[in-house]
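> Show me how the following folds:
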Amino acid sequence: MKKVYFLMNTQFVRSVQIHWDQLPEESYVRGIPAFEHVDQIEFHHPVTFFVGENGSGKSTLLEALAIRCGFNPEGGTRNYSFSTYDDYSDFHEAVTFFKGYRKPKWGYFLRAESFYNVASAEEEYSRYGGRPERLHEQSHGESFLSIVQHNFQADSLYLLDEPEAALSPQRQLTLLAEIVRWAKQGSQFFIVSHSPILLGIPEAEILTFDDGPVHPCRYEDTDSYMVTKMFLEHREALLRWLLSDT
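Have a look, this model is predicted:
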């Protein structure tokens, strides 16, 4: 089967291999076009984005990668073991990854859809560590950035699923600066995002899950960039067309 290769690297997670013979025949993952004829995907940059339309498989791969790296499916650090609803796919059972020579000293898996549950767990765990967070007393964006600022550090592994969902454009710029800061200090990031702001991180690898098997994509060719650019430059004409009766 076809393998997808990118440039040489020294990352914690160097590649993901899909063992199709270990995936049940009835698994919905087999019907995802982005994974068709793909056995292996390599990663070479400190920051890798997964982009694509809803349902294209990007969060499915991120979740499988997180579970294989030892993270709780709903999010948190490797020490988190809570579960409120088991709704993750069986894809992780057919996925293995190749490690680099370095080992991450810390890590976090943060996903927008289960952020409330992670925030609750974070408050509980921090209470024992002498760092009560009171995250639910903050706004969604404030509590998200609080978790980021307490957990991001050098030489660590982070997986973020649509982090922009909690953040204003200004706070997205704050998150962008945090990601770049820690990536320069040896951390690796895998991020599912639709944000044209976050996707603009310099030298980030962007992998699109649209238009066939997963493959690299230029920032300017992402739907997030093109649709946003079109709306900003032709807002009135676009709205007339979208809202017309014909």
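> got the contact list for the spatially most central residue of the chain?
Centroid-nearest residue in the chain: Ile191, 2.6 Å away (criterion: C-alpha atoms, centre = their mean). Going by C-beta atoms under 8 Å, 6 or more residues apart in numbering, Ile191 touches Val47, Thr48, Phe49, Phe50, Leu159, Leu160, Asp161, Pro163, Ile179, Leu198. For the C-beta atoms, the positions are set from N, CA and C on the backbone; glycine is no exception.
> Next SSE downstream of the helix or strand of the chain with the lowest mean pLDDT?
When the helices and strands of the chain are scored by mean pLDDT, DSSP states H and E, helix 115-128 comes last with a mean of 54. Once helix 115-128 ends, the next helix or strand along the chain (criterion: DSSP states H and E) is helix 140-151.
> And that next one, how far out from the chain middle?
In terms of C-alpha atoms, centre = their mean, to the nearest Å, the gap separating the centre of helix 140-151 from the centre of its chain is 16 Å.
> quick one: average pLDDT of it?
Mean pLDDT, helix 140-151: 76.
> Stretch 173-192 now?
The average pLDDT within stretch 173-192 is 96.
> Ends of that stretch, what's the gap?
Terminal residues of stretch 173-192 lie 16 Å apart, using C-alpha to C-alpha, to the nearest Å.
> That stretch: which residues count as buried?
Within stretch 173-192, the residues that count as buried by 16 or more other C-beta atoms under 10 Å are 175-176, 179-180, 182-183, 186-192.
> Take these and keep only those in strands.
Residues of the buried residues of stretch 173-192 located in strands (DSSP state E): Gln188, Phe189, Phe190, Ile191, Val192.
> Around the closest residue to Pro213 other than its chain neighbours, count how many other residues there are.
Leaving aside its chain neighbours, Pro213 sits nearest to Val38 (4.9 Å; criterion: C-beta to C-beta, 6 or more residues apart in numbering). Residues within reach of Val38, counting by other C-beta atoms under 10 Å, total 20.
> So which residues of this structure form strands?
13-18, 40-42, 47-51, 95-99, 107-111, 157-161, 188-192, 205-208, 215-216.
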